[in-house]
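Undergrad: This is a predicted model, with the sequence first.
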Amino acid sequence: MSRLKGKIAFVTGAGGGIGRAICQQFLAEGALVAAVDIDADVAEAAVSSAHSQATAIALQCDVGDSASMRTAIAQVVSAFGSVNVLVNVAGGSTPQDGPVTDAPEEEFWRATRLDLFGTFLCCKHGIPELIKAGGGSVINMTSMLALMGVPGRDCYTAAKGGVAAITRSMAVEFASHSIRVNAIAPGITLTDRVKARIDTSENMKKLSSRHLLGAAEPLDIAHLAVYLASDESRIVTGQVLQVDSGVTIN
């Protein structure tokens, strides 16, 4: 399989369930992959299926730190010569989230730094390399919660709503450089972290019951990421594409 042959991808949050699935599918489709995570060991595990260091590298990076992100982008360019796909997966909510009246302010800044500012920094330092490469694809990870009203998650929804908005503005800004910018909005996705929470959270159980085709697996998200990274999506830009089992229409 070679839908991504010749593509060089920089994937943040590579150690999580969705990030790992994306790295593995990109490798299977012929891409060169830089797996990026704040935990170097899980980044390494995300590309363990690579045949050699010629096809994948693992990088430690704090996505919310500009110097760390700039260094990671430089490392992938040094290793592979360029980069033409950015995939911003790093993010996530915590049980500390809640209504705006109750949620700790530090949780708001944690979610904003990781989900929104991390995406901003990857694009800030990565898009100039896409321009040098003659174009490419940016794939951001937003959430069903950016598209619907769900109580008790005001920090996370604010951050993910920002990701959806900046996706659209960057799509317009960089189209002249042949850069496509899209976002994926997953529904409940059965990563290990989500599986641990879904059995203990009544809100998660109620939301899960609204998924018309059942909850997603990480591979479902990875399949769409492959499409958005490939030339098959050459005129798709500025879109927030839902992989949510119909929850946002139900």
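TA: Great, that's in hand. Residues are numbered from 1 along each chain as shown.
Undergrad: All the helices of this protein, residue numbers only.
TA: Secondary structure of the chain, counting by DSSP state H: helices at 17-28, 40-46, 66-80, 105-111, 118-132, 154-174, 192-198, 202-209, 218-229.
Undergrad: For Gln53, find the nearest of those helices.
TA: Proximity of those to Gln53 was assessed by C-beta to C-beta; the nearest stretch is helix 66-80, lying at 8.1 Å. Yep, even glycine has a C-beta here, placed from its N, CA and C like the rest.
Undergrad: Which strands and helices lie in contact with that closest one?
TA: With contacts taken as 3 or more C-beta pairs under 8 Å, 6 or more residues apart in numbering; DSSP states H and E, helix 66-80 sits against strand 8-12, strand 32-37, strand 56-60, helix 118-132.
Undergrad: on that earlier part again, what's the most buried one of the helices of the chain?
TA: Sort the helices of the chain by mean neighbour count, taking mean count of other C-beta atoms under 10 Å, and helix 17-28 sits at the top with a mean of 25.
Undergrad: Which neighbouring elements make contact with that helix?
TA: Counting contacts by 3+ C-beta pairs under 8 Å, 6+ apart, helix 17-28 is packed against strand 8-12, strand 32-37, helix 40-46, strand 85-88, helix 192-198, helix 218-229.
Undergrad: orientation of it relative to strand 8-12 in degrees?
TA: Taking axes from the mean of the first three to the mean of the last three C-alpha atoms, to 10 degrees, one finds that helix 17-28 is oriented at 170 degrees with respect to strand 8-12.
Undergrad: what comes into contact with helix 17-28?
TA: 1, 4, 7, 9, 11-14, 33, 35, 37, 42, 45-47, 49-50, 55-56, 85, 87, 89-90, 141, 186, 189-194, 217-219, 221-223, 225-226, 229 (C-beta atoms under 8 Å, 6 or more residues apart in numbering).
Undergrad: run the last query once more with 7 Å
TA: Counting contacts by C-beta atoms under 7 Å, 6 or more residues apart in numbering, the residues outside helix 17-28 that touch it are 1, 4, 9, 11, 13-14, 33, 35, 46-47, 49-50, 55-56, 87, 89, 189, 191-193, 218-219, 221-223, 225-226, 229.
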